[in-house]
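J.: Fold the following for me, if possible:
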Amino acid sequence: MSDIFFSSANFQPQNRAFLYGDAVRVSFFVRSSQLIMAEESYFFLMASMRKMRMNIPLTYTLEFFQQLFTERVLNKGVSDGIIVLLMYRNKTENSLEKAEVAFYFEVNAIDDVLSIQRGIEMDLIKEINVNTNLLSNIRVHCPENIYAEIYAKENDLDDVILLNPNKRIARSVFGNLLFLEGKSIKIPKQSEGAYISPLMENFVTFVHKHQLAEIAESEMIAFESQKAEEILMISDEKGIFSVTKIRNKTFDNKRFTEIVSNWKSNFA
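T.: Numbers count the residues shown, from 1 in each chain. So this is what the prediction gives:
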């Protein structure tokens, strides 16, 4: 966890995020002392707040957050990192849809959000599954994530593959999974329980635009994870990781490394 954190002026210790998990979480990205993909992250924040029926202040503009992060993050010397913003309702006597919102953010240091951090080992988890409804695609309180993260640690894993109630691949604890097979990159559909991810959407758009692979949003049974040649995990909160092993199968990362390198050069 980073040393840099910040709370809005209307912070309350007994807020609804603390009491009920009534919050949404969205990441903003800092690279080479600049905010990148700020518009994508901002519009995702607004969409997430609307889905949670939050009362959005008129002052919460893109310019407001750009100035806030410039003053509180960039001007503090942070050159590379992920700003994890938590937006929540304060405790109120009014109706929930009129409740005042507040926010908190912290900065997770990372060398380069557009680079593959390292290889990770995964496995399937079958004891629990994740939903496929309207709120499944945004970062809200999810006890399944907590259970699965502990399960992964207890089994010497970095992450686990979560399935939906139809026993199809949804996502991992921390992000979305991309499966490279031949000339195709398969991505679980959002209707399958995958996260909406500004970071992944930017990457996928680049791949499609430059015809580096065929992008296919798919309904994927668990066994298809064993058919892939390479697997990438993209997390808005932790960065990008190549999956090196699932159970007894190991995976290469040569082609994804090349594609990510090409994508990264697009930001230079």
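
J.: Would you mind measuring from residue 247 to residue 118?
T.: 19 Å (Cβ to Cβ, to the nearest Å). From N, CA and C alone the C-beta is placed, and that goes for glycine too.

J.: Sorry, slip of the keys, the one I care about is residue 213.
T.: The spacing between residue 213 and residue 118, counted by Cβ to Cβ, is 22 Å.

J.: Between these two, point out the one with more neighbours.
T.: Higher neighbour count among residue 213 and residue 118: residue 213, with 20 against 11, using other Cβ atoms under 10 Å.

J.: quick one: contacts for that one?
T.: Applying Cβ atoms under 8 Å, 6 or more residues apart in numbering, we find residue 213 in contact with 180, 183, 184, 185, 207, 259.

J.: Hmm, the fifth one is touching residue 183, no?
T.: Same thing as residue 207. No: using Cβ atoms under 8 Å, residue 207 makes no contact with residue 183, being 11.2 Å away.

J.: that older thread, which of the contacts of residue 213 has the weakest pLDDT?
T.: Minimum pLDDT for the contacts of residue 213 is recorded at residue 183 (93).

J.: burial of that residue, as a residue count?
T.: 10.

J.: any idea how far residue 79 lies from residue 116?
T.: Taken as Cβ to Cβ, the span from residue 79 to residue 116 is 19 Å.

J.: for the stretch 1-150 of the chain, what spans make up the strands?
T.: Taking DSSP state E, counting those that start in this stretch, the strands of the stretch 1-150 of the chain run over residues 5-7, 23-31, 34-36, 81-89, 101-109, 116-124.

J.: between those, which gets nearest to residue 67?
T.: Closest to residue 67 of the strands of the stretch 1-150 of the chain is strand 34-36 (Cβ to Cβ; 10.5 Å).

J.: Tell me the strands beside that closest one, with direction?
T.: strand 23-31 (antiparallel) (DSSP bridges).

J.: show me the residues around residue 165 that make contact.
T.: Applying Cβ under 8 Å, 6+ apart, the residues contacting residue 165 are 129, 131, 132.

J.: Go through those residues and say which is closest to residue 93.
T.: Using Cβ to Cβ, residue 131 comes nearest to residue 93 of these, at 31.1 Å.

J.: what's the neighbour count on the closest one?
T.: 14.

J.: I'd say it and residue 194 touch.
T.: No: checked against Cβ under 8 Å, the pair residue 131 and residue 194 is beyond contact range at 11.8 Å.

J.: Could you pull up the residues touching residue 10?
T.: Residues near residue 10 by Cβ under 8 Å, 6+ apart: 90, 100, 102.

J.: shouldn't the second one be in contact with residue 91?
T.: Going back to what we said before, that points to residue 100. No: if you go by Cβ under 8 Å, residue 100 and residue 91 don't touch, sitting 9.4 Å apart.
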